[in-house]
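Student: Any chance you could fold what I've pasted below:
(2 chains, ligands or ions: 2)
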Amino acid sequence: MPVTLVDRLPLPNLKVYTAGSVSLLSIAVYYALSVTSDPNWRANSTLARQDSIESGQGEQRSIPDQLQPNSTRNVSEQFVDVITFMMQEPLCMWTLINIAYCSLAVFGFAVQRLVFGPLRVAEAQRVKDKFWNYVFYKFIFVFGVINVQYMDEVLLWCSWFTLVGFLHLLGQLCKDRYEYLSSSPHSGGWAHVRLACLLAGILAAAAALLAAAAVWGLPAGRDTFAFMAAECVLVLVGALHVAARYALALCAADAAGAAAYYVALGFEAAALLAELALAAAQVAQCSMLVSMASLVLLLQLRHLLHELQARLRRHRLYTALATHMSRNYPMASKEEVEKNQDNCAICWEPMKEARKLPCSHLFHNSCLCQWVQQDASCPTCRRALAAGPAAPRQDAARHPNHLFHFDGSRYVSWLPSFSVEVTRVRPEAALAGAQLDAAAAQLQLMFPQHSRAALAADLARTRSADLTLDNILEGRLPPAAPPRPAPPPPRPAPARADAATMAAATPADPADGAGRFSRCAAEREAQLRRRKQQLVEAARRRYLARLAPRS
Amino acid sequence: MAGSALRRLMAEYKQLTINPPEGIIAGPINEENFFEWEALITGPEGTCFEGGIFPAKLHFPPDYPLSPPKMEFTCEMFHPNIYADGRVCISILHAPGDDPMGYESSAERWSPVQSVEKILLSVVSMLAEPNDESGANVDAAKMWREDREQFNKIAEKLVRKTLSLE
Ligand SMILES: [Zn+2]
Ligand SMILES: [Zn+2]
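Tutor: Ligands and ions are numbered 1, 2, ... in the order given. Modelled structure (predicted):
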C-alpha cells in the first residue's frame, strides 16, 4: 500500500546529522564528567531530586555508602558514574538515544555501501516508500492501538520497531537487489556472496529478535508478545523467500517453472496471512473505540483481504491454464529438446524441458502459458491454437484507488500529513469533482511539466491517482509541451574540410566500436554514447563528401 | 514478470552491441531504466532519406516480449507511416489483439519472436518503401503519391537537419 508523503520532512544528510550528534554527545559527556568529578555528585543530585519522587527504577543503590568520599576512583568506576548520571539526566538521556539512532543510521549506511554500493533509483524509491509506510502504521499502532501511557513504554516500543524496521528495510533492499542481479547477465559472483551474507545476517538478527520477544514480551502478556513476534515473522518470511529463490537458482530450477511458482505462492501467501493476522489482532485490540486508528486499520485489513483474494484468483487462473496446456499440448520428449538447438524464442534462454505445439515448435512451458493468455497462436508460425482461459486485462484487475488523507498534526503538531491510497471496492464511485481537482493539483506539484488539465483528464479516465501516476512514470501520459530533445549543438562543421582532418579529429577507437559488450553498466553507457557519436560523425563526413563533387 | 523482460532486453542489447546491423545503433539511454531505449537509424541508401541519422525512442512494456514496444522518432519526420508526433505506424508494432487499420493479417503483427533488431530493420525498409495505404500522415502520403520531387526535397532537408548541417 503506497504512502504518498505530501509534506516531506526536510531531513538533514547523514554527515551533518552524525557531526551534530557526536558534538551533542561530547557536550553531554563533558557536562557529565564535570558534574561527576565532584565525589559527592550522587548525594547532591539525589538531594535535589528527593522532593520529586519519580519512577527511576535504575537507581536502587544505597545512598549511604556512596556518600563516603572515594578519592581513589579508577577510570572504570568513573565511567560507570558518568553513564549512571547520563541515564538520570533527561537531556543527556535524549542525547544517548539520539546517538544510538545515529549509530544505527551510520551502520545502515555502511552496510549499504558495503553490500549494495550506490542504490538504484527504483530501489531507493521502494525503500523510502516502505520506510514512511512503516512509520505511519507503527505510529498508529503505538498511539492508536495499544495506547501507551508512559514515556518509557513509548521509548521501548520505538526502539523495538526501529530495530525491526531496520531489518525490514534491509530485507526489502535484498529482495530488490536480488531481482536486479538475477535478471542482469553480468552480475559478479561477489555481489551474490555479499548479498547472501547480508541475508544470513538478517535471518540471524530476526531470529534473535524473535527470541528477545519471547524472553521480554511473553511476561508482559500474550498480546504484547504477538505484536512483537508478528513483525519478526514478517521479516523472516521475506528474507526466507529470497533465500529460497537463491536455493532454487542454485539447483538450476526453471525461474518460471512450477517449483518456483509454488515457492513464490507459499511465501507470498504466508506473508499476506501474517500481515492479515497482525492487522486483525490490532483491530480486535481497539475494537471498543471507533477512532482514527481503527478506521485506518480496517482499511488496511480490507486492502490485505483484497490482495489475498487477488492472489488466490491468480492461482486459480494458473492452475486452469496449467491443466489446459497439459491437456492440449504435450511436453516435448527429451530427444526432441536435445535435437532442438535453439533457445526458447520467447525469452531467448536455453530450454531444459519444453512444451511442443502441434506445429512442432518448442517453448518453455511458462513462456508459452503467458503468451497463450494473450493470443492463441504459435509465436513463431502464427498457427491458431485452441483458446485457453483468458487472463483478465491488467487494467481491469487493478481497482481504482482513493486517497485517504491523514492529518498528523491533529495528534502532535510536528507530525506531517499523509495521504494514503486505499483500494476502493466500488469502482463506480470514482474520483470526481473536488477530489479529482485536488488529486490533479497534487500530481501537478510533483510533475510540473504536465498541465493541470491533462492530468485531470487522465484522472477522470483512470479514476485513480495511482494509475495516473503510473501513466506518467511509464511515459504513457506525455508532458503538455513535449520537450523535444534538443538537437545536438550545431557544430560549426567545416563545410569544405577535407576528409583527412575530419578523420583525425575523431580518432576511431577500435576497442570502442561494435563487438565488445562491457560488464559494467557505466562503461556500456559510455560505449553506446561514443558509438552513436561516431555514427553521426561518419554520416556527416559521408554526406559532405557526397556533396563535394556536386558543387 | 519484469525480470524476464529485463533478461531478454539485456540479451538483445548484447546482441545488438556485439553484432550490430549496418547503420543501426540501439540501447538503453540510462541503464537505470532498461525499458527506455534510444535507437539511431541510418537512412537507407538509394532513397530520399539516404545518409540521414534518425534518432528514435523505444518504450518497452513490463511484459515485453509478450507485448510490443512503442516507437517514436524524436527528430522531425515527414513520412506516410509516421505520425506528426513521431510515432511509428507499422504492423510489426501492433499487438495481436488490436488492429487499428483493419488491413493487417495477424502474421504481420507482433509476436514474442520479433525483436528490436527486426523492428528497426522493418523501420528501415519502411523508410525505403512507404506504405501509402496507412494514413498516419495523410499529407505525406498524398505528396508521396502525387509530387515525389517535392517529397524528396523535404526528405533531403530532414536529412541535413539530422546531421545538424542546417
Ligand atoms: Zn522461454
Ligand atoms: Zn509454430
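Student: quick one: is stretch B:62-74 near ligand 1?
Tutor: No. Judged by Cβ under 5 Å from the ion, stretch B:62-74 makes no contact with ligand 1; its nearest approach is 9.8 Å. Using the backbone N, CA and C atoms, a C-beta is placed for each residue, glycine as well.
Student: and that stretch, how far apart are its ends?
Tutor: Criterion Cα to Cα, to the nearest Å; first-to-last residue distance in stretch B:62-74 is 22 Å.
Student: In it, which residues have enough neighbours to count as buried?
Tutor: Neighbour counts over stretch B:62-74 (16 or more other Cβ atoms under 10 Å in any protein chain shown) mark B:64-69, B:71-74 as buried.
Student: overlap between the residues you listed and the residues near chain A?
Tutor: Among the buried residues of stretch B:62-74, the ones lying close to chain A by the criterion of Cβ under 8 Å from any Cβ of the partner chain are B:65-67, B:74.
Student: ok so, going back, now, the buried residues of stretch B:62-74 that are in strands?
Tutor: Residues of those located in strands (DSSP state E): B:71-73.
Student: and the residues you listed as JSON lines, adding pLDDT and distance to residue A:221?
Tutor: Listed next are those as JSON lines, based on pLDDT from 0 to 100; distance: Cβ to Cβ, whole Å:
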{"residue": "B:71", "pLDDT": "95", "distance to residue A:221": "62"}
{"residue": "B:72", "pLDDT": "94", "distance to residue A:221": "62"}
{"residue": "B:73", "pLDDT": "95", "distance to residue A:221": "67"}
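Student: any idea which of the residues you listed is closest to ligand 1?
Tutor: residue B:71 (24.0 Å; Cβ to the ion).
Student: show me what contacts that closest one?
Tutor: B:39, B:56-59, B:87-88, B:90, B:93, B:119, B:123 (Cβ atoms under 8 Å, 6 or more residues apart in numbering or on different chains).
Student: Let me know the closest of the residues you listed to residue A:190.
Tutor: Proximity of these to residue A:190 was ranked by Cβ to Cβ; the top entry is residue B:58 with 32.6 Å.
Student: what sits against the residue nearest the centre of chain B?
Tutor: For chain B, residue B:123 is the residue whose C-alpha lies nearest the centre (Cα atoms, centre = their mean; 4.3 Å). By Cβ under 8 Å, 6+ apart, the contact list for residue B:123 reads B:41, B:56, B:71, B:88, B:90.
Student: same thing but at 7 Å, please
Tutor: By Cβ atoms under 7 Å, 6 or more residues apart in numbering or on different chains, the contact set of residue B:123 is B:41, B:88, B:90.
Student: Chain A: which of those is nearest?
Tutor: For the contacts of residue B:123, the minimum distance to chain A (Cβ to the nearest Cβ) is 9.8 Å, reached by residue B:41.
Student: got a list of what the closest one touches?
Tutor: B:24, B:54, B:56, B:120, B:123-124.
Student: try it again with 8 Å
Tutor: Under the criterion of Cβ under 8 Å, 6+ apart, the neighbours of residue B:41 are B:23-24, B:53-56, B:120, B:123-124, B:127.
Student: Please flag which of the residues you listed sit within strands.
Tutor: Per DSSP E, the contacts of residue B:41 map to strands at B:24, B:53-56.
Student: Would you work out how far apart the start and end of stretch A:147-156 are?
Tutor: By Cα to Cα, the extent of stretch A:147-156 from end to end equals 13 Å.
Student: now do stretch B:84-91
Tutor: End-to-end span of stretch B:84-91 (Cα to Cα): 18 Å.
Student: check whether it contacts chain A.
Tutor: Yes. Under the criterion of Cβ under 8 Å from any Cβ, chain A is reached by stretch B:84-91 at residue B:85.
Student: now swap in stretch B:139-157 and tell me
Tutor: No. Contact of stretch B:139-157 with chain A (Cβ under 8 Å from any Cβ) is absent, the minimum separation being 10.4 Å.
Student: Can you list the buried residues in that stretch?
Tutor: Neighbour count says stretch B:139-157 has B:140-141, B:143-144, B:151, B:154-155 buried, by 16+ other Cβ under 10 Å.
Student: ok, residues contacting that stretch?
Tutor: Residues outside stretch B:139-157 that contact it (Cβ under 8 Å, 6+ apart): B:48-49, B:52, B:78-80, B:82, B:130, B:132, B:134-135, B:166.
Student: CA atoms only: put it into PDB for me.
Tutor: Provided in PDB are the C-alpha atoms of stretch B:139-157 (Å, rounded to 0.1, in the frame of the first residue of the first chain):
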ATOM      1  CA  ASP B 139      -0.200  14.900 -46.300                       C
ATOM      2  CA  ALA B 140       2.900  12.900 -46.600                       C
ATOM      3  CA  ALA B 141       1.100  10.000 -48.200                       C
ATOM      4  CA  LYS B 142      -0.500  12.300 -50.800                       C
ATOM      5  CA  MET B 143       2.700  14.100 -51.600                       C
ATOM      6  CA  TRP B 144       4.500  10.700 -51.900                       C
ATOM      7  CA  ARG B 145       1.900   9.600 -54.500                       C
ATOM      8  CA  GLU B 146       1.500  12.800 -56.400                       C
ATOM      9  CA  ASP B 147       4.500  15.100 -56.100                       C
ATOM     10  CA  ARG B 148       7.600  12.900 -55.500                       C
ATOM     11  CA  GLU B 149      10.000  15.700 -56.300                       C
ATOM     12  CA  GLN B 150       8.700  17.900 -53.500                       C
ATOM     13  CA  PHE B 151       8.700  14.900 -51.100                       C
ATOM     14  CA  ASN B 152      12.300  14.200 -51.900                       C
ATOM     15  CA  LYS B 153      13.200  17.800 -51.300                       C
ATOM     16  CA  ILE B 154      11.600  17.700 -47.800                       C
ATOM     17  CA  ALA B 155      13.300  14.500 -47.000                       C
ATOM     18  CA  GLU B 156      16.700  15.900 -48.100                       C
ATOM     19  CA  LYS B 157      16.100  18.800 -45.700                       C
END
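Student: Let's have the contacts of residue B:71 in CSV, adding pLDDT.
Tutor: Output for those, formatted as CSV (pLDDT from 0 to 100):
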residue, pLDDT
B:39, 95
B:56, 96
B:57, 95
B:58, 95
B:59, 94
B:87, 93
B:88, 92
B:90, 88
B:93, 90
B:119, 94
B:123, 94
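Student: Just name the closest of those to chain A, please.
Tutor: Nearest to chain A among the contacts of residue B:71 is residue B:59, at 5.4 Å by Cβ to the nearest Cβ.
Student: who touches the residue lying closest to the closest one once chain neighbours are set aside in this structure?
Tutor: In space, residue B:59 comes closest to residue B:70 once its chain neighbours are excluded; the distance is 4.6 Å by Cβ to Cβ, 6 or more residues apart in numbering or on different chains. By Cβ under 8 Å, 6+ apart, the residues touching residue B:70 are B:58-59, B:87, B:93.
Student: Please flag which of the residues you listed sit within strands.
Tutor: Using DSSP E, the contacts of residue B:70 in strands are B:58-59.
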